[in-house]
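Undergrad: fold the following, please.
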Amino acid sequence: MSSIDVTQVSELVDNTGYPVMMEMYEQRDLVYPLLGEILDPSDLASPEYGTKGSVIEGPEPFKRREDGQQVEASTLETAYTWYMACEQYSRSMIVPSRLRRSADNLGKIANMIGEAARGWGEVARLQKEDFIADIFQKGTLTAGSAEFFDGSFPGNADPYPKFIYDGLPFFDTAHTLSASGTTLANHVVSSALTAANLQTALIAMTNTNAVNERGERVVVRPTHLMVPPALEYTARTILESSLLPGSANNDANVVQSAGLQLLVNPALDDAASSAAWWLVTQGRSLKIADSGAPQISLKERENGDIVVVAEYLFGAAVDNWRYSYCANKAAS
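TA: Below is the predicted model of the structure:
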């Protein structure tokens, strides 16, 4: 059989590679898109490299105005600036020139591409889930983590490469409001998942922490209780029972009416997180740059080998800590 050319290999990628890759990439619902706002890497301030944004102090309240009075202008001051790097992730496989010339070359190369693409689809989804989960797991550490929080990109150095925009861990006990110096907490080290402790966390999140950087009230309504697999059935008992679990007096379980959905995240696999739990607000707290499933491209070398490359772009940054809350996890 004659040697197959690059066009034929490209057709194998389209007809064999992409279908099996997408099947693996979409084999179950992804968790991480619920945890932040997804951005197209091409729309970033520095396309495909990164972006930054402002945490605004928040609008001033409306003021009473008498007839004839001028309308008083509000100022929208920047309280903090967050940085997000968008990184390129790549893998490749080689189709040797000798294989292109061998017997049954089309079938052999189709099998190679199919196996590689299947693996790329699964690995890409797992890497993304792990990265975002580690933002939540490493986000309690007082030592910080440059691996998951350094938002530096070309021409823009993140001033707090181990922390979020206010120079503190994502989950901390002393987030400072820029306009008043008031400190608030979205982390408690020791607080096992119980109905009572969940109620306390909900009150902290929806009342105490529900203020902007000026200290003016805002609306914070968590949508999900996120837990590692080990806490799934504890969480279900709390969220789905009409009576307070463990109560001797058949007390009503008022937490059930909070409307929280259960989010079991298999990527929360850090040993220190086995008993930890999080309240999260869908689409808030994070900005996530995501190009989607890997894109496959081909390049022919001078020696006749064909390089099959799979790549995707991905990155994330915390842009508002108050929409998430972490409990029962150490700060070290």
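
Undergrad: endpoints of stretch 287-302, how far apart?
TA: With CA to CA, to the nearest Å applied, stretch 287-302 spans 42 Å between its terminal residues.

Undergrad: so how far is it off the chain centroid?
TA: From the chain centre to the centre of stretch 287-302 is a distance of 20 Å (CA atoms, centre = their mean, to the nearest Å).

Undergrad: which residues belonging to that stretch are considered buried?
TA: Buried residues in stretch 287-302, counting neighbours by 16 or more other CB atoms under 10 Å, are found at Lys287, Ile288, Ala289, Asp290, Ser291, Ala293, Pro294, Ile296. In short, each C-beta sits where N, CA and C put it, glycine included.

Undergrad: who's in contact with the nearest residue to Gly259 once chain neighbours are set aside?
TA: For Gly259, the nearest residue in space outside its immediate sequence neighbours is Thr223; the separation is 7.8 Å by CB to CB, 6 or more residues apart in numbering. For Thr223, the residues meeting the contact criterion (CB atoms under 8 Å, 6 or more residues apart in numbering) are Gly259, Leu260, Gln261, Val280, Thr281, Gln282.

Undergrad: surely the third one meets Leu225?
TA: This means Gln261. Yes: the pair formed by Gln261 and Leu225 meets the contact definition of CB atoms under 8 Å, at 7.4 Å.

Undergrad: need the residue closest to the centroid of this protein.
TA: With the centre of the chain defined as its mean C-alpha position, the nearest residue by CA atoms, centre = their mean is Ile132, 3.9 Å away.

Undergrad: just to revisit the earlier point, show me how to select, in ChimeraX, the buried members of the contacts of Thr223.
TA: This is how ChimeraX selects the buried members of the contacts of Thr223, with burial counted by 16+ other CB under 10 Å:
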select :260,280,281,282
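
Undergrad: now for the contacts of Thr223, which pair is the farthest apart?
TA: Checking the contacts of Thr223 against each other with CB to CB, the farthest-apart pair comes out as Gly259 and Val280, at 13.5 Å.

Undergrad: using PDB, write down the CA coordinates of the longest strand belonging to the chain.
TA: Scanning the chain for the longest strand, with DSSP state E as the assignment, gives strand 306-318. Listed next in PDB are the C-alpha coordinates belonging to strand 306-318 (Å, rounded to 0.1, in the frame of the first residue of the first chain):
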ATOM      1  CA  ILE A 306       3.700  13.500  11.400                       C
ATOM      2  CA  VAL A 307       3.300  15.200  14.800                       C
ATOM      3  CA  VAL A 308      -0.300  15.100  16.100                       C
ATOM      4  CA  VAL A 309      -0.700  17.800  18.800                       C
ATOM      5  CA  ALA A 310      -3.600  18.300  21.200                       C
ATOM      6  CA  GLU A 311      -3.800  21.600  23.100                       C
ATOM      7  CA  TYR A 312      -6.200  23.600  25.300                       C
ATOM      8  CA  LEU A 313      -6.000  26.900  27.100                       C
ATOM      9  CA  PHE A 314      -7.100  27.100  30.800                       C
ATOM     10  CA  GLY A 315      -6.700  29.300  33.800                       C
ATOM     11  CA  ALA A 316      -8.600  30.700  36.800                       C
ATOM     12  CA  ALA A 317      -8.600  33.400  39.400                       C
ATOM     13  CA  VAL A 318     -10.700  34.400  42.400                       C
END
